[in-house]
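Participant: Predicted model follows, preceded by the sequence.
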Amino acid sequence: MALAFGVATIFQVRLFRAVVGVGVAAFMIGFAVLLLAAAYGLLRVRRWARAPVVVVQLIMVPVGWSFRGGQTTWVAVAMIAFALLTLVLLLHPRSTRALVVEGETSDAP
């Protein structure tokens with residue numbers, strides 16, 4: 001989503017607010033690249049990858065909470081549910097064991 005938003009923002013940049021538009025687009029594309037790198041790191045069982053994903057999920061809970069009420073309640077429920085599920089899976093003892101104990105040898109050069 002962040003990558004799609006960043007690319008869409010590039011095409012909606014207006015001349016009178018070019019700096020803001022390009023800045024938002026660059027930030028969102030950079031954020032998407034970070035998340036993709038973290039996802040790839042988790043797939044390869046790298047312990048560094050868990051921290052950025054946990055931080056993003058912790059941010060997603062209050063963002064989801066802000067969508068509650070009215071027609072966007074389903075968005076709030078979905079965002080909070082996925083964020084909490086991801087946190088539970090990332091902090092589960094098996095995940096911790098794989099990322100901390102077994103992953104220590106995989107981070108070595």
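Facilitator: Right, received. Where do you want to start?

Participant: show me where the protein has helices.
Facilitator: Assigned by DSSP state H, the chain shows helices spanning 2-10, 18-43, 50-65, 73-91, 93-96, 103-107.

Participant: Redo those as JSON lines? Include mean neighbour count and mean pLDDT.
Facilitator: (Each C-beta comes from the backbone N, C-alpha and C, glycine too.) JSON lines is the format used below for the helices of the chain (neighbours: other Cβ atoms under 10 Å; pLDDT from 0 to 100):
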{"stretch": "helix 2-10", "mean neighbour count": "15", "mean pLDDT": "77"}
{"stretch": "helix 18-43", "mean neighbour count": "15", "mean pLDDT": "89"}
{"stretch": "helix 50-65", "mean neighbour count": "15", "mean pLDDT": "93"}
{"stretch": "helix 73-91", "mean neighbour count": "14", "mean pLDDT": "94"}
{"stretch": "helix 93-96", "mean neighbour count": "11", "mean pLDDT": "90"}
{"stretch": "helix 103-107", "mean neighbour count": "13", "mean pLDDT": "51"}
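
Participant: Domain-wise, how is this protein divided?
Facilitator: 1-43, 45-109 (automatic domain parsing).

Participant: Nearest spatial neighbour of Leu99, chain-adjacent residues omitted?
Facilitator: Arg47 (4.5 Å; Cβ to Cβ, 6 or more residues apart in numbering).
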